[in-house]
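K.L.:
missing the sequence, but the structure's below:
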């Protein structure tokens, strides 16, 4: 019987090892090529399509730190409170979203000066030209986290509960802290105006006038009432579809609106005692590293 049985296939551990290493190498090569392609797309956008102009206005924030609010403020200043649009991206595009957009160059070329460009990029990656104007907006960490969670809950098909969301943000990538450490050292550069979200909420007109003066945008005093109305959270919430990126899907999800509350100091109420302690420790550590004193973000 043993003579008739098929002989066992000889084992070749070296072949399995070679195949495994080949697969690992190809996976790494694929990742490296994808990363290189993305960097090349960014180089094309930044150095070919963007064509920086003197006076370009960059609105620079971490996610959910008053970005859309500042876009609206600058657009209404430029148009003297007459600014209308179907979507804010038509008049103030989101730079990072243009990387894969074949129409990006035409969109950027077609914008009137001063162009209003939104970005969450770190300073080293944006490398803003010296003749541009940078509106660097910061917001309290807890309020930013609350707003970021609302956005996550609004757009994800299966959103995390807040406790799991908090853990993911703290463990993997804290966008607030990363952005702060990149931009805070440049807040007093000659072409940078640091604006606190909390100051805008307390004195919107004063903040608008400060932005206008920095950007060299004259205000027709007879139009100030319209500018203030259009830049108010109530007006923006009434027209929330002009600011969200979901379109009809937003209404179908029925989880809220893109323009949420715009409040100050409400973020800490969402945190339990342990979360507050962890966030405070992280913010305090960042403040010490950056030499922040007084009323920081």
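P.N.:
Yep, that arrived. Since we're looking at a predicted model, the values are computed, not measured. Numbering: from 1, shown residues only.

K.L.:
quick check, residue 101 in a strand?
P.N.:
No - assessed with DSSP: H, G, I helix; E, B strand; the rest coil, residue 101 is coil; it does not lie in a strand.

K.L.:
Which residue comes closest to it once chain neighbours are left out?
P.N.:
residue 107 (7.5 Å; CB to CB, 6 or more residues apart in numbering). Every residue, glycine included, has its C-beta placed from N, CA and C.

K.L.:
downstream neighbour of the helix or strand encompassing that neighbour in the secondary structure list?
P.N.:
Using DSSP states H and E, residue 107 maps to helix 104-110. Beyond helix 104-110 in the direction of the C-terminus, DSSP H and E gives the next helix or strand as strand 116-119.

K.L.:
What helices and strands are in contact with that following strand?
P.N.:
Here strand 116-119 touches strand 57-61, helix 67-78, going by 3 or more CB pairs under 8 Å, 6 or more residues apart in numbering; DSSP states H and E.

K.L.:
what's the most buried one of these?
P.N.:
Ranked by mean neighbour count under mean count of other CB atoms under 10 Å, those are led by strand 57-61, which reaches a mean of 26.

K.L.:
Just want the angle from that strand to helix 67-78.
P.N.:
With axes from the mean of the first three to the mean of the last three CA atoms, to 10 degrees as the basis, strand 57-61 and helix 67-78 are set at 160 degrees to each other.

K.L.:
Nearest to residue 271, out of the helices and strands packed on strand 116-119?
P.N.:
strand 57-61 (21.5 Å; CB to CB).

K.L.:
Just checking: what are the partner strands of the closest one?
P.N.:
strand 116-119 (parallel), strand 133-138 (parallel) (DSSP bridges).

K.L.:
Out of those strands, which is closest to residue 273?
P.N.:
That would be strand 133-138 among the strands paired with strand 57-61, by CB to CB, at 25.4 Å.

K.L.:
average pLDDT for the very next helix or strand once past the closest one?
P.N.:
Once strand 133-138 ends, the next helix or strand along the chain (criterion: DSSP H and E) is helix 141-155. For helix 141-155, mean pLDDT is 81.

K.L.:
Who are the packing partners of helix 141-155?
P.N.:
Other helices and strands packing on helix 141-155, by 3+ CB pairs under 8 Å, 6+ apart, are helix 162-171, helix 175-183, helix 273-290.

K.L.:
For the residue nearest to residue 116 when sequence neighbours are not counted, grab the count of nearby residues.
P.N.:
In space, residue 116 comes closest to residue 92 once its chain neighbours are excluded; the distance is 4.1 Å by CB to CB, 6+ apart. Number of residues near residue 92 (other CB atoms under 10 Å) recorded here: 24.

K.L.:
show me the contacts for residue 92.
P.N.:
Contact analysis of residue 92 by CB atoms under 8 Å, 6 or more residues apart in numbering lists 59, 71, 74, 75, 116, 117, 118.

K.L.:
Find me the pLDDT at the last one, would you?
P.N.:
Residue-level confidence at residue 118 comes out at 95, pLDDT.

K.L.:
Quick check, it in contact with residue 94.
P.N.:
Yes - applying CB atoms under 8 Å, one finds residue 118 in contact with residue 94, separated by 4.9 Å.

K.L.:
More neighbours: which of those two?
P.N.:
Comparing residue 118 with residue 94 by other CB under 10 Å, the one with more neighbours is residue 118, at 23 against 17.

K.L.:
Would you reformat the helices and strands packed on strand 116-119 as JSON lines and include distance to residue 99?
P.N.:
Below are those laid out as JSON lines (distance: least, CB to CB, whole Å):
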{"stretch": "strand 57-61", "distance to residue 99": "16"}
{"stretch": "helix 67-78", "distance to residue 99": "18"}
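
K.L.:
Export those as CSV, with columns for distance to residue 190 and mean pLDDT.
P.N.:
CSV is the format used below for those (distance: least, CB to CB, whole Å; pLDDT from 0 to 100):
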stretch, distance to residue 190, mean pLDDT
strand 57-61, 14, 96
helix 67-78, 19, 95
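
K.L.:
And residue 84, its phi and psi?
P.N.:
Residue 84 adopts backbone torsions of phi -120, psi 150, taken as degrees, to the nearest 10.

K.L.:
actually residue 85, not the one I wrote
P.N.:
When quoted as degrees, to the nearest 10, the phi and psi of residue 85 stand at phi -160, psi 160.

K.L.:
And for it, nearest residue in space, chain neighbours not counted?
P.N.:
Once flanking residues are discounted, residue 85 sits nearest to residue 91: 5.0 Å by CB to CB, 6+ apart.

K.L.:
Surely residue 169 and residue 152 touch.
P.N.:
No - applying CB under 8 Å as the test, residue 169 and residue 152 come out as separate, 9.2 Å apart.
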